[in-house]
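K.L.:
Sequence first, then the predicted structure, then my questions.
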Amino acid sequence: MPLRYTLAIAGLAFTVACATNPSNPSKQPPRLAGPACLDTLPAADSTVAVIKMSVASQDTAVRLPADFEGLFVEEFRSRFKVPSHLPLSVVMGLSPCDSLGVRCAGGSLGISAVAYATLRNDGRLSDIKVIDAALTPPLKDSVASALRTMSKAGTVPSIDDAESVPLVMRIEPEENPDSVPPERRLFQAKVPRYTLPFRYASMPASGVDAKYPFAARLAGVGDSVTIEFTVESDGTIAAESLELVRASYRDFVYTVVDALEKTQFHPAYLGDCPVATRMKQRFFFKTPE
């Protein structure tokens with residue numbers, strides 16, 4: 001049967017948790033030793049980024065009240081503590097980029113986190129999960145703490161005509177600060193920018209070997225699975241960064257996540273330095289004939 005979005009996220013988190021405790025650590029790809037190469041690169045300049053928060057229903061058929069997002073962010077901001085130190089390491093490309101968006105003229109460090117939760121009609125949240133997209137644990141922990149505090153106090157804006165609503169909350173920088181309404185602003189951060197050529201990570205020539213689920217083949221169903229993830233500077237996938245964007249069936253999600261965690265990517269490069277970066281990948285499973 002079709003997989004609900006919230007269940008997909010939960011299933012994905014479970015799969016990742018199992019995969020991060022390998023029975024044979026010696027088979028894991030080697031980590032880079034010593035200080036990160038990124039630390040040796042001088043930034044060309046920096047920009048003051050406005051970090052905004054957006055709140056939406058995971059179910060596109062559910063329309064949130066017009067003032068819901070502003071009220072939610074205002075309550076969140078009153079309980080959110082900006083980390084005193086943000087150790088940024090994930091690089092994203094800066095325009096201009098080539099037609100495929102693979103090679104760019106420069107790169108900038110990224111700040112982001114994605115949170116999922118179910119809104120209850122008593123002003124509380126359940127099933128809170130925060131995805132560490134930018135590999136910045138202090139930010140992830142602060143976001144989770146603020147959401148838990150809101151829920152405990154029962155101060156989350158409620159929706160009268162719904163018992164529960166699955167929400168997605170995104171925290172990310174805005175390139176055009178003037179376009180961000182004051183009620184959606186969380187904080188400002190100085191973000192380094194580099195003019196060195198940047199190249200995104202890429203799959204190995206053999207691709208990602210996502211097996212067609214046996215049960216799905218017997219049932220004669222196909223699927224399209226879209227997942228975002230962060231590739232670390234050694235080419236491995238950061239398990240805590242996996243975010244399911246779209247899928248219909250649980251078995252397809254499991255097989256994609258399992259394949260990703262066994263795949264060694266070619267890392268992104270900023271100049272001659274391997275760096276971490278954020279990627280999105282879509283996997284197609286054609287219905288068996």
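P.N.:
Great, that's in hand. Numbers count the residues shown, from 1 in each chain.
K.L.:
so how far is S224 from R217?
P.N.:
Counting by C-beta to C-beta, to the nearest Å, the separation of R217 from S224 is 16 Å. Quick note: C-beta positions are derived from backbone N, CA and C, even for glycine.
K.L.:
low-confidence ranges in the stretch 151-289 of the chain?
P.N.:
By pLDDT under 70, the stretch 151-289 of the chain has no low-scoring segment.
K.L.:
how does the protein divide into domains?
P.N.:
According to automatic domain parsing, the chain comprises the domains 5-19+205-285, 45-194.
K.L.:
Enumerate every residue touching the residue nearest to L64 when sequence neighbours are not counted.
P.N.:
With sequence-adjacent residues excluded and distances taken as C-beta to C-beta, 6 or more residues apart in numbering, L64 is closest to S57, at 5.6 Å. By C-beta atoms under 8 Å, 6 or more residues apart in numbering, the contact set of S57 is R63, L64, V165, P166, L167, V168.
K.L.:
Please convert those to TSV, extending it with secondary structure and distance to A115.
P.N.:
Listed next are these as TSV, based on DSSP: H, G, I helix; E, B strand; the rest coil; distance: C-beta to C-beta, whole Å:
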residue	secondary structure	distance to A115
R63	coil	20
L64	coil	16
V165	strand	14
P166	strand	12
L167	strand	8
V168	strand	7
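K.L.:
coming back round to it: read off the pLDDT value for the residue nearest to L64.
P.N.:
Note on S57: pLDDT of 94.
K.L.:
cool, M1 as well?
P.N.:
29.
K.L.:
residue contacts, M203?
P.N.:
Contacts of M203 by C-beta under 8 Å, 6+ apart are T263, F265, H266, Q281.
K.L.:
What's the PyMOL line that selects buried ones from those residues?
P.N.:
Typed into PyMOL, the line below selects the buried ones among these, using 16 or more other C-beta atoms under 10 Å:
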select buried, resi 263+265
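K.L.:
quick revisit: out of the domains of the chain, which gets nearest to C37?
P.N.:
domain 5-19+205-285 (3.6 Å; C-beta to C-beta).
K.L.:
Wasn't F252 part of a helix?
P.N.:
Yes. Assigned with DSSP: H, G, I helix; E, B strand; the rest coil, F252 falls within a helix.
K.L.:
could you pull out the helices for the stretch 1-150 of the chain?
P.N.:
5-19, 68-79, 137-153 (DSSP state H, counting those that start in this stretch).
K.L.:
what pLDDT, on average, does the shortest one get?
P.N.:
Translated: helix 68-79. On average, helix 68-79 scores 95.
K.L.:
all strands for the stretch 151-289 of the chain, in order.
P.N.:
In the stretch 151-289 of the chain, the strands defined using DSSP state E, counting those that start in this stretch lie at 164-174, 185-194, 198-199, 223-231, 243-246, 268-270, 273-275, 277-285.
K.L.:
picking that back up, make TSV from the domains of the chain and add distance to D39 to it.
P.N.:
Shown next, in TSV, are the domains of the chain (distance: least, C-beta to C-beta, whole Å):
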stretch	distance to D39
domain 5-19+205-285	9
domain 45-194	9
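K.L.:
Of those, which is nearest L38?
P.N.:
domain 5-19+205-285 (5.3 Å).
K.L.:
Stretch 165-183: which residues count as buried?
P.N.:
So stretch 165-183, judged by 16+ other C-beta under 10 Å, has buried residues V165, P166, L167, V168, M169, I171, E172, P173, V180.
K.L.:
what's the most distant pair in the residues you listed?
P.N.:
So for the buried residues of stretch 165-183, where distance means C-beta to C-beta, the most widely separated pair is V165 and P173, at 26.5 Å.
K.L.:
For the residue nearest to Y269 when sequence neighbours are not counted, give me its contacts.
P.N.:
Among residues not flanking Y269 along the chain, R199 sits closest, at 4.8 Å (C-beta to C-beta, 6+ apart). By C-beta under 8 Å, 6+ apart, R199 lies in contact with V102, R103, C104, A268, Y269.
K.L.:
Can you name the residues that contact the fourth one?
P.N.:
In this case it means A268. A268 neighbours (C-beta under 8 Å, 6+ apart): V91, F198, R199, Y200, A201, V231, S233, P274, V275, A276, T277.
K.L.:
of those residues, closest to F252?
P.N.:
Using C-beta to C-beta, those come closest to F252 at V231, 21.3 Å.
K.L.:
Okay then, goodbye and thanks.
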